[in-house]
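Asks: Turn this into a structure:
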Amino acid sequence: QVQLVESGGGLVQAGGSLRLSCAASGRTSGRTFSNYVMGWFRQAPGKEREILARINPSGDSTSYGDSAKDRFTISRDNAGNTVYLQMNSLKLDDTAVYYCAAGTHWRIAPSAYAYWGQGTQVTVSS
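Replies: Model prediction:
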């Protein structure tokens with residue numbers, strides 16, 4: 001099993017920044033953290049879970065959802081088993097629970113990711 005633990009959420013004013021972290025532990029079927037595609041998702045009340053960003057196992061390829069383009073940056077530290085999401089210029093609409101996830105395919109659908117963290121709340125205030 002792969003365990004994922006997010007941190008770094010909290011309350012921030014509109015226009016501010018936050019950096020989310022997701023620490024991974026465990027392994028399954030011979031795979032370790034550095035073998036997984038990692039994604040950041042979020043889900044606001046009454047809305048579907050949406051992908052914000054994904055990063056390939058080596059960290060040299062990234063992709064962003066429309067909500068994250070030009071404001072969020074995903075990165076990973078394979079030696080430290082951690083993936084990050086730097087969020088800048090936060091807006092009220094960014095308020096949601098943020099999740100990291102691990103998968104073995106380069107896909108955007110949440111169903112493609114087998115392992116999930118418990119989520120961290122981000123609240124943006126005016």
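Asks: Could you pull up the mean pLDDT of stretch 42-50?
Replies: Stretch 42-50 shows a mean pLDDT of 96.
Asks: what does stretch 89-105 give?
Replies: In this model, stretch 89-105 carries a mean pLDDT of 97.
Asks: List the buried residues of it.
Replies: 90, 94, 95, 96, 97, 98, 99, 100, 101, 102, 103 (16 or more other C-beta atoms under 10 Å). Any C-beta I mention is one placed from the backbone N, CA and C, and that applies to glycine too.
Asks: what does stretch 43-63 give?
Replies: Buried-residue list, stretch 43-63, by 16+ other C-beta under 10 Å: 49, 50, 51, 52, 53, 54, 55, 57, 63.
Asks: Now render those residues as CSV, adding distance to residue 31 and secondary structure.
Replies: Shown next, in CSV, are the buried residues of stretch 43-63 (distance: C-beta to C-beta, whole Å; DSSP: H, G, I helix; E, B strand; the rest coil):
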residue, distance to residue 31, secondary structure
49, 23, coil
50, 26, strand
51, 21, strand
52, 23, strand
53, 21, strand
54, 17, strand
55, 16, strand
57, 9, coil
63, 21, strand
